[in-house]
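Student: Model the following, please.
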Amino acid sequence: MSDFKINERLRELRVKSGYTQQQVADFLNCSRSTYTYYETGKSMPDVPTTVTLAKIFNISVAELLADETDIHNVADSGYVYARKKNASHIYDLDRDEMSLVGYYRAGNYQTRKKIMEFVKQIDK
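Tutor: Prediction:
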């Protein structure tokens, strides 16, 4: 069993994505202290929150929960696959653009649809 901890992975992904703890908390619709507890290991996100976090960081839940060894090795097959690069380049965006992407990724199908409809109406 690995000693990997999701809290370390969350912090790594958040920093790599350029988000603040407050931004991620806003995307999750929770307090900053709640999200901070996830990063410090004082509490664990529930399953729906874990799914939303994976969406925010544009990775699969398996990648979020796996340590680096698990990510590269497919069980018992000996097959090693290359991890895709984070193609989102979220760090090239300004703060408002990053927030928009975060809210979009955190949203369910209906929320995403509403965001797209709203954006299309603005341009008219």
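Student: Pick out the least confidently modelled helix or strand of this protein, by mean pLDDT.
Tutor: Scoring the helices and strands of the chain by mean pLDDT, DSSP states H and E places helix 68-72 at the bottom, with a mean of 49.
Student: After that helix, which helix or strand is next? Please name it.
Tutor: Next helix or strand after helix 68-72 toward the C-terminus (DSSP states H and E): helix 95-106.
Student: Same question for that next one: list its buried residues.
Tutor: Within helix 95-106, the residues that qualify as buried by neighbour count (16 or more other Cβ atoms under 10 Å) are 98, 101-106. (Each C-beta comes from the backbone N, C-alpha and C, glycine too.)
Student: Then stretch 30-40?
Tutor: Using 16+ other Cβ under 10 Å as the test for burial, stretch 30-40 gives 34-39.
Student: which residue is nearest the middle of the chain?
Tutor: Centroid-nearest residue in the chain: Phe57, 2.6 Å away (criterion: Cα atoms, centre = their mean).
Student: any idea how far Gln121 is from that one?
Tutor: Using Cβ to Cβ, to the nearest Å, we find Phe57 at a distance of 29 Å from Gln121.
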